[in-house]
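Participant: A structural model of the following input is requested.
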Amino acid sequence: MRQAERRALRNRAARSAVRTHVKNAANAVASTAPDAAEAVSAAVRALDKAAQKGIVHRNAAARRKSRLMSRLYRLTAAPPVTEAAAPTTKTPTRRAAASRTGTRTRKTAGSSTSTSSRARRATT
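Facilitator: Below is the predicted model of the structure:
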């Protein structure tokens, strides 16, 4: 058996184990299981080992870990939002409010005067 074939078999088994850990962690977080933190920890450990061995790219492992941790954080830190507590409308931002009233919020590059003073200078 060639070396590449042996490594491919080893990598396939390790990648499958990583996927299983990540799937178990995602299911635990989605079902709000009490052992969700342990499942996420096991998945993070498996992703780190796979990234260290080069089985999974390190940025892909970091991305997956980040997504799992954010799901876990939302589960543990944030209370569930009910319909009554959720805001129904967004308050307008300063830029959106300024654009509706017609006032100018930003000057164009290189100009220090507003449009109205430019128009006055052009007519005089």
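Participant: contacts, neighbours, all on C-alpha from now
Facilitator: Will do.
Participant: what comes up buried for stretch 26-43?
Facilitator: Ala26, Ala28, Val29, Ala36, Ala37, Ala39, Val40, Ser41, Ala42, Ala43 (16 or more other Cα atoms under 10 Å).
Participant: do the same with stretch 60-76
Facilitator: In stretch 60-76, counting by 16+ other Cα under 10 Å, buried: Ala61, Ala62, Arg64, Lys65, Leu68, Met69, Arg71, Leu72, Leu75.
Participant: how about the residues you listed in CSV, adding pLDDT and distance to Glu5?
Facilitator: Compiled in CSV, the buried residues of stretch 60-76 are given as follows (pLDDT from 0 to 100; distance: Cα to Cα, whole Å):
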residue, pLDDT, distance to Glu5
Ala61, 96, 24
Ala62, 96, 27
Arg64, 96, 27
Lys65, 96, 29
Leu68, 94, 32
Met69, 94, 34
Arg71, 91, 37
Leu72, 91, 37
Leu75, 82, 42
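Participant: closest to Ile55 among these?
Facilitator: Comparing the buried residues of stretch 60-76 against Ile55 with Cα to Cα places Ala61 closest, at 9.8 Å.
Participant: residues contacting that closest one?
Facilitator: The neighbours of Ala61, taking Cα atoms under 8 Å, 6 or more residues apart in numbering as the test, are Leu47, Asp48, Ala51.
Participant: am I right that Val56 is in contact with Ala46?
Facilitator: No - Val56 lies out of contact with Ala46 (Cα atoms under 8 Å); the separation is 10.3 Å.
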